[in-house]
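1. Need a 3D model of the following:
(chains A and B)
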Amino acid sequence: MTDRDPRLAAALRRLPTPEHRPGFWDELDDRLATTRRRRLGSGRRWPAIPPRWLTAAAALLLVTAVTGLALAVARGRDAPGPRATLPPVGSTAPVTTAPTTTVPGPASRVDEARAAALGWLEDLAAGDLRGAWEAMGPVARGAWGSYEDFAAARTSFAEGFGTWATAEGRQAGVATVGAADGTSSYVVTVTGVRQVEGTTEDSAVALVVVEGPGGGLLVEPFSPASAGLRVLDPVPAATPPAHGRDAPVTVDAGGLASEVVFVIDGDAGVVRVRSTEPGSPVVAYVPPGGWAPGRHVVTAAIPPGAPGAPVTATVVFEVR
Amino acid sequence: MLGGGQRQPLGAGPAPSGGGPGAQLGDAELVEAARAGDREAFTTLLRRHDPAMRRLAWRLLGDRHAMDDALQEAYVKAYTALGRFRSEARFSSWLHRIVHNACMDELRRGRRRPLAAVQPPDVASAAPGPERVITAAGTLQVALGRLPHDQRATVVLVDGEGYDHATAARILGVAPGTVASRLSRARAALRRSIEEVGR
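-> Below you'll find the predicted structure:
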């Protein structure tokens, strides 16, 4: 028995669908090959990994974690984050296990950044598109081109970003990160359980807040390069996926920048990670000693200054 | 009507482009080969199901670049998640769920044109047939573009691809009753459009 409406089904099947852009399959094949190499080097079980690689990776992780901790103790907690980088294990995804450093900004400024980000989300929820537009920085405005184009997406904002205004258990952590021009910028990570399309999502979104002219703060939620940074592992999902205690969070910076800032659990710490293999867009991070059991929110960010930046990508996961 | 059986959707049959090595193998065999590290087997699977995935992504996003971006993301995610695919499920419905989520991500990022602005493609050149059918198709495309995307996804999966309510509900991550109510509203709106053209 079918649930189909036959007349509508026939009409739908007559509708044309465009082919892929030229090179789509080649591009995909390259990405799949990169993904496979990364998995081979990251010690994941699938696809199959030679056991000797697993042993070598485990030993190197242990040595690196111990080294990272020793460096942290020697240099003091407030020193700029030392980086201890695992030598590549036949892969293009070196894993950094540097301890995170907490870089607080002035308390009032951190609060202002949080208020700016939440205010922007609430503007969208309330349909105040003009208010949201005026709160945005130059990169976000440039991504839309004009206020008219931005405002035309009112419905999708209400159903997307706007749902954060009513998220259950909403929390917003603020981390201070630098910008290329030496000014401060902030990553505001908002977490909570929200209703999207009739489903419940335990998720997070990160918004970059930058210093604007005249001492104000501006939100930078859009960038033409937003697709250039994405989390490869764990795969973001509506329900936080399980993640291994020693498994790195891996991102693809897509050539936007050679250094990625990882913001851990909203405001628990910031670590800068650089891919140590020239030309590799893949950057991976696992804290020394691995992830503590529980729920984690990790935001990867490329701060203002790099072409197309700022951009962020966030993932929520559970470590058991 | 709401049976939980998983039928092969009518639109998910082997595609002409899936003619490489392994094209004669079933989905289950290709999944096993892909899990064992055979990337070509995975690509064969993707090419087999790509027409149906393109139909969903195109109807939801209405923009060719956005469609391709979403499908790239979805296919890479499927590759990384293949180890978690349960073999008792249909690969097509599992992949549809990933594609649907990728399209929702694309929509939430706001990197596409607003729904109301989705324009019909050049139907006259792309869908040969009687003038009346072409006009109806163009009208249907516009009507689809005006539907909320949750309703649009539902009608594409059930009426377009032939999924039953239970399977569509799993793909969309909602209750079967939600599928039924969305479908009812979507069909009513679309029928009105088609009948207007038929007068």
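
2. At which residues are the helices of chain B located?
-> Per DSSP state H, chain B carries helices over the ranges B:27-35, B:39-61, B:64-81, B:91-108, B:123-126, B:131-146, B:149-155, B:165-172, B:176-198.

3. Please produce JSON lines containing these, extended by mean pLDDT.
-> Putting the helices of chain B into JSON lines (pLDDT from 0 to 100) gives the following:
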{"stretch": "helix B:27-35", "mean pLDDT": "87"}
{"stretch": "helix B:39-61", "mean pLDDT": "93"}
{"stretch": "helix B:64-81", "mean pLDDT": "90"}
{"stretch": "helix B:91-108", "mean pLDDT": "88"}
{"stretch": "helix B:123-126", "mean pLDDT": "33"}
{"stretch": "helix B:131-146", "mean pLDDT": "64"}
{"stretch": "helix B:149-155", "mean pLDDT": "91"}
{"stretch": "helix B:165-172", "mean pLDDT": "86"}
{"stretch": "helix B:176-198", "mean pLDDT": "79"}
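
4. for these, which one sits closest to A:Ser146?
-> Comparing the helices of chain B by their distance to A:Ser146 (C-beta to C-beta), the top pick is helix B:64-81, with 19.2 Å. Bear in mind the C-beta positions are built from the backbone N, C-alpha and C, glycine included.

5. quick one, that closest one and helix B:91-108 angle?
-> 130 degrees (axes from the mean of the first three to the mean of the last three C-alpha atoms, to 10 degrees).

6. re earlier: now the helices of chain B as JSON lines including mean neighbour count and distance to A:Ser226?
-> JSON lines is the format used below for the helices of chain B (neighbours: other C-beta atoms under 10 Å in any protein chain shown; distance: least, C-beta to C-beta, whole Å):
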{"stretch": "helix B:27-35", "mean neighbour count": "18", "distance to A:Ser226": "30"}
{"stretch": "helix B:39-61", "mean neighbour count": "23", "distance to A:Ser226": "15"}
{"stretch": "helix B:64-81", "mean neighbour count": "22", "distance to A:Ser226": "10"}
{"stretch": "helix B:91-108", "mean neighbour count": "23", "distance to A:Ser226": "10"}
{"stretch": "helix B:123-126", "mean neighbour count": "15", "distance to A:Ser226": "30"}
{"stretch": "helix B:131-146", "mean neighbour count": "18", "distance to A:Ser226": "24"}
{"stretch": "helix B:149-155", "mean neighbour count": "24", "distance to A:Ser226": "19"}
{"stretch": "helix B:165-172", "mean neighbour count": "24", "distance to A:Ser226": "25"}
{"stretch": "helix B:176-198", "mean neighbour count": "17", "distance to A:Ser226": "29"}
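
7. what's around A:Glu112, how many residues?
-> Neighbour count for A:Glu112, taken as other C-beta atoms under 10 Å in any protein chain shown: 18.

8. Could you grab the helix/strand/coil label for it?
-> The local conformation at A:Glu112, judged by DSSP: H, G, I helix; E, B strand; the rest coil, is helix.

9. and it, how far is that from chain B?
-> 25 Å (C-beta to the nearest C-beta, to the nearest Å).

10. want to try a markdown table for the helices of chain B, with distance to chain A as columns?
-> Listed next are the helices of chain B as a markdown table, based on distance: least, C-beta to the nearest C-beta, whole Å:
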| stretch | distance to chain A |
| --- | --- |
| helix B:27-35 | 7 |
| helix B:39-61 | 5 |
| helix B:64-81 | 5 |
| helix B:91-108 | 4 |
| helix B:123-126 | 4 |
| helix B:131-146 | 5 |
| helix B:149-155 | 5 |
| helix B:165-172 | 5 |
| helix B:176-198 | 6 |
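
11. Is it possible to get a markdown table of the ones you listed that adds distance to A:Phe150?
-> Shown next, in a markdown table, are these (distance: least, C-beta to C-beta, whole Å):
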| stretch | distance to A:Phe150 |
| --- | --- |
| helix B:27-35 | 42 |
| helix B:39-61 | 18 |
| helix B:64-81 | 17 |
| helix B:91-108 | 15 |
| helix B:123-126 | 30 |
| helix B:131-146 | 20 |
| helix B:149-155 | 19 |
| helix B:165-172 | 28 |
| helix B:176-198 | 27 |
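
12. These: which one's closest to A:Arg7?
-> helix B:176-198 (7.6 Å).

13. helices or strands up against that closest one?
-> The helices and strands touching helix B:176-198, judged by 3 or more C-beta pairs under 8 Å, 6 or more residues apart in numbering or on different chains; DSSP states H and E, are helix A:6-14, helix B:131-146, helix B:149-155, helix B:165-172.
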